[in-house]
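Chemist: next comes the sequence, and after it the predicted model I'd like to discuss.
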Amino acid sequence: MPLDRRHFLLQSGSAAAVVALFGQGCALPSAARSGNTLGFTGVPVSLRDAVVVPPEYEWQLLYPWGTPTGIAGQMPAFAPDGSNSAADQAVQAGMHHDGMHFFALDSRGERGLLVMNHEYTDEQLLHTDGVKAWTADKVRKSLHAMGVSVIEIRRTPTGWQQVQPSPFARRIHGNTPMRIAGPAAGTALMRTAANPAGDQVFGTFANCAMGVTPWGTYLTCEENFHGYFGGPKEAAKDLTDAQRRYGTVPGTQWVEYWRFDERFDLGRHPNEPHRFGWVVEIDPFDPASTPVKRTALGRKRQESATCTTSKDGRVVVYMGDDARFEYIYKFVSREKVRPGTDAGARAANRHLLDDGTLYVARYDAGGRGRWLELTHGRNGLDAANGFADAAEVLIHARLAGDIVGGTKMDRPEWIAVHPTSGEVYVTLTNNSQRGDPGKPAPDAANPRADNLFGGILRWREDGGDAASTGFAWDHFTLAGDPAQPGSGARYPSADADMFGSPDGLHFDSGGLLWIQTDMSGQVIGKPAYASLGNNQMLCADPATGRIKRFLTGPNGSEITGCVVTPDRRTLFVNIQHPGEARDDGSATHNSAWPDGTAPGSARPRSATLAIRRRDGGIVGT
Ligand code: FEO
Ligand code: CA
Ligand code: CA
Ligand code: CA
């Protein structure tokens, strides 16, 4: 057993630890067990253009791109030819669903709000004639296709239904007014011509993973915001280190917004990108509330903002920065959470995410780790090293992480906290540049060069307290196909189903870990990846180390966004970017899911699924 693993296990004393130490034969009963855990029929890897679930289960299509969100008087039908206007798109499901949560509206959990991110756009699908020629209207429609949906749903005898219209229904998108709060608000780098006070901004976009606060608000994470800012290539000559590090480089933009909406022009408005890359707090129960960007949590390519509480009742937020060789972060609030999720508690806790301490993680060899404080004036974070004040430490958190010596990770994606043990699991999706010339070498936490398949790392905070500054860690899995020579794959049980590039991660209240994968559409089915099939979702029981494949997705899709209802009888899952074109020169998307049969017969649509056992039993059994 590697030293890192032994260290983690000795420190943790968890059921998982006991099983791992003493072998598979002594699986321990877990407190929250019910039904036959992982008793479902596992599904094989698949290259079929379909959603496949175990025969004991059924899935139902709930909220594909273009579906009216349910705002009274504003419910334009989806136009399958891409001809909906920008105004239509502002009140319809956005594209490319990602992180998601279910907020129950009744005690039985049969009525609730489903809140989800729309991460990015496929401009080819979004507009009738694509974007060979961009227009201002296309920019607006594109901005409206990202952000967040709040929909009301209820369970009926024939399945889950969207409530249309609903007083809760809301679309938040790339032009929705929002507030900027916390230490960076109003500071020099946040001020723009349109907002000299530096405290308000239009929109959120590139919304990837998410979090839920203990007081019942939704956190959406701005990930690849850099791709939407641009300018002419020539404007890239005088870039700062920070601009380079955050990728806001003229000439490298993904879309041509800057030609039609000047705030996206890096040359004219260099501070506008500082107003993106944040965690945004949304109160889903109040459709009139203004979303707030919480700058105390640091700026990065934000992926997940997973909340828990410390022993003394402060909120703790775990965050990943999804880029190669970037960091894992933790925020600990200064004040304690007032318990409850009612309107009073939500109001009382409104300022909690504006004041606290931000840390970056260092994973040491031997299975120990430290949280390193990112506070101005400490650990070298001062003017001599380029940080004039607290705001600059937050706005340029990546550079601050360098100074204090955080561990450069293999693309941290989602983070999940075990509901009873408090152990924290993070997906490290892949890093094909690990060990390349001039790039960081493999290290204890990121042990594989040319890491094509990623893995899941976990840690346990010292004393079982999420506010601790020390922890023990190990790898839960190193993903990939163990049969491939030199794969270095390692799973926690001999019969675990294999997977690659884990991304979405969700613990249900029973302690089952749902793992979702995101192998790039360019590599699915290609030699090194062929045996792994299409992207998929698996269910793991950390108490035994068993992992079983639960769902496989349509061609080109990523499986992302996952939430199990409080009664554990419904699982909501997002299918993102079905048909993501393969790199074979073909312009046709390789899927028409869910509306068409053969590729090319319909525009493929990202969508939310509701999945249940046919007998109404607990999901994961
Ligand atoms: Fe949007 Fe890092 O996944
Ligand atoms: Ca992701
Ligand atoms: Ca991903
Ligand atoms: Ca993807």
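Modeler: Yep, it's here. Residues are numbered from 1 along each chain as shown. Ligands and ions are numbered 1, 2, ... in the order given.
Chemist: from here on, just use CA atoms for contacts and neighbour counts.
Modeler: Will do.
Chemist: just the local confidence number for the residue in the chain that ligand 1 sits nearest to, please.
Modeler: Nearest to ligand 1, among the residues of the chain, is residue 208, at 4.5 Å (C-alpha to the nearest ligand atom). Note on residue 208: pLDDT of 98.
Chemist: got it, and residue 121?
Modeler: 97.
Chemist: and what of residue 155?
Modeler: 98.
Chemist: not counting its neighbours along the chain, what's nearest it?
Modeler: With C-alpha to C-alpha, 6 or more residues apart in numbering as the criterion, residue 155 has its nearest non-adjacent residue at 5.2 Å, and that residue is residue 110.
Chemist: any idea how many residues pack against that neighbour?
Modeler: Neighbour count of residue 110, defined by other C-alpha atoms under 10 Å: 17.
Chemist: what of residue 203?
Modeler: The local packing of residue 203 (other C-alpha under 10 Å) involves 21 other residues.
Chemist: quick one, what contacts it?
Modeler: Residue 203 makes contacts with 147, 172, 173, 174, 175, 176, 177, 178, as judged by C-alpha atoms under 8 Å, 6 or more residues apart in numbering.
Chemist: for residue 54, same thing?
Modeler: Contact analysis of residue 54 by C-alpha under 8 Å, 6+ apart lists 40, 41, 42, 43, 550, 551.
Chemist: closest to residue 513 among those?
Modeler: Residue 513 lies nearest to residue 550 out of these, by C-alpha to C-alpha, at 11.7 Å.
Chemist: doesn't that closest one belong to a strand?
Modeler: Yes. Assessed by DSSP: H, G, I helix; E, B strand; the rest coil, residue 550 belongs to a strand.
Chemist: name the nearest residue to it, sequence neighbours excluded.
Modeler: Leaving aside its chain neighbours, residue 550 sits nearest to residue 538 (4.9 Å; criterion: C-alpha to C-alpha, 6+ apart).
Chemist: check residue 580 too.
Modeler: That would be residue 556: by C-alpha to C-alpha, 6+ apart, it lies 4.6 Å from residue 580.
Chemist: so that neighbour sits against residue 578, correct?
Modeler: Yes. Between residue 556 and residue 578 there is a contact at 5.0 Å, judged by C-alpha atoms under 8 Å.
Chemist: any shared contact partners between the two?
Modeler: 590, 591.
Chemist: returning to what we had before: run a quick neighbour tally on the residue nearest to residue 580.
Modeler: For residue 556, the count of nearby residues is 29 (other C-alpha under 10 Å).
Chemist: what about residue 72, neighbour count?
Modeler: Using other C-alpha under 10 Å, residue 72 has 11 other residues around it.
Chemist: leaving out the residues flanking it, which one is nearest to it?
Modeler: Of all residues beyond its chain neighbours, the one nearest residue 72 is residue 165 (5.0 Å), with distances taken as C-alpha to C-alpha, 6+ apart.
Chemist: the one you found: what's it in contact with?
Modeler: By C-alpha under 8 Å, 6+ apart, the residues touching residue 165 are 70, 71, 72.
Chemist: pLDDT value on the last one, please?
Modeler: What that stands for is residue 72. At residue 72, pLDDT is 98.
Chemist: okay, it and residue 288: tell me how far apart.
Modeler: Separation of residue 72 from residue 288 (C-alpha to C-alpha, to the nearest Å): 14 Å.
Chemist: doesn't residue 559 lie inside a helix?
Modeler: No. Going by three-state DSSP, the assignment for residue 559 is strand, not a helix.
Chemist: can you tell me how far the residue nearest to it when sequence neighbours are not counted is from residue 364?
Modeler: In this structure, residue 559 finds its nearest non-sequential neighbour in residue 575, 5.0 Å apart by C-alpha to C-alpha, 6+ apart. Distance, residue 575 to residue 364, by C-alpha to C-alpha: 36 Å.
Chemist: quick check: the residue nearest to residue 155 vs residue 154, distance?
Modeler: Between residue 110 and residue 154 the computed distance is 6 Å (C-alpha to C-alpha).
Chemist: all helices of the stretch 51-200 of the chain, in order?
Modeler: 86-89, 123-126, 136-144 (DSSP state H, counting those that start in this stretch).
Chemist: of the contacts of residue 54, buried ones?
Modeler: With burial judged by 16 or more other C-alpha atoms under 10 Å, the buried subset of the contacts of residue 54 is 40, 42, 43, 550, 551.
Chemist: pretty sure the second one is touching residue 549, no?
Modeler: Put plainly, it is residue 42. Yes. Counting by C-alpha under 8 Å, residue 42 touches residue 549, with 5.2 Å between them.
Chemist: returning to what we had before: now the contacts of residue 54 as JSON lines including distance to ligand 1 and pLDDT?
Modeler: Putting the contacts of residue 54 into JSON lines (distance: C-alpha to the nearest ligand atom, whole Å; pLDDT from 0 to 100) gives the following:
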{"residue": "40", "distance to ligand 1": "28", "pLDDT": "98"}
{"residue": "41", "distance to ligand 1": "29", "pLDDT": "98"}
{"residue": "42", "distance to ligand 1": "26", "pLDDT": "98"}
{"residue": "43", "distance to ligand 1": "25", "pLDDT": "98"}
{"residue": "550", "distance to ligand 1": "21", "pLDDT": "99"}
{"residue": "551", "distance to ligand 1": "19", "pLDDT": "99"}
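Chemist: got CSV for the residues you listed, with distance to residue 561 too?
Modeler: Below are the contacts of residue 54 laid out as CSV (distance: C-alpha to C-alpha, whole Å):
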residue, distance to residue 561
40, 21
41, 22
42, 20
43, 20
550, 15
551, 13
